[in-house]
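J.: Only the shape, not the letters, is given here:
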């Protein structure tokens, strides 16, 4: 976050970050965040219960504003983000702790894809 991303209007502040703004499938953004939670769990940074609680709270909050994408779309986009964002970053940025668990990341992405195909 940067100060240049803030808009002050009276006594209210809004944060805006438009450097990657685009139109697209909402499940892509949701899946991106869910993949980050999954990544943190798989490398040992979050417990399973914490991951589930945060994911549920995130999706519940989203659902208060907009209908959730289908479970199939969420699963597919979460798997895609595990591969395209999390696993790629692990390799590109050489994160030793995560590299040691790359098989878990790839396996989980594969599992999510299979589950989303059957949903």
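T.: Cool, got the structure. What you see is a predicted model, and the numbers here were worked out from it, not measured in a lab.

J.: For residue 22, which three-state class applies?
T.: Following DSSP: H, G, I helix; E, B strand; the rest coil, residue 22 is assigned to coil.

J.: Need the pLDDT of it.
T.: For residue 22, the pLDDT comes out at 71.

J.: So what does the spatially most central residue of the chain look like in phi/psi?
T.: Taking CA atoms, centre = their mean, the centroid of the chain lies closest to residue 33, which sits 1.8 Å from it. Residue 33 has phi and psi values of phi -70, psi -40 when expressed as degrees, to the nearest 10.

J.: Equivalent analysis for residue 8, please.
T.: According to degrees, to the nearest 10, residue 8 has phi -100, psi 130.

J.: And for it, the neighbour number?
T.: Using other CB atoms under 10 Å, residue 8 has 8 neighbouring residues. For every residue, glycine as well, the C-beta is placed using N, CA and C.

J.: per-residue confidence at the residue in the chain sticking out farthest from the centre?
T.: Relative to the centre of the chain, and counting by CA atoms, centre = their mean, the farthest-placed residue is residue 10 at 33.5 Å. We have a pLDDT of 88 for residue 10.

J.: Let me see the contact set for it.
T.: Under the criterion of CB atoms under 8 Å, 6 or more residues apart in numbering, residue 10 has no contact partners.

J.: hmm, back to that, my guess is the residue nearest to the centre of the chain contacts residue 61, does it?
T.: No. If you go by CB atoms under 8 Å, residue 33 and residue 61 don't touch, sitting 11.1 Å apart.
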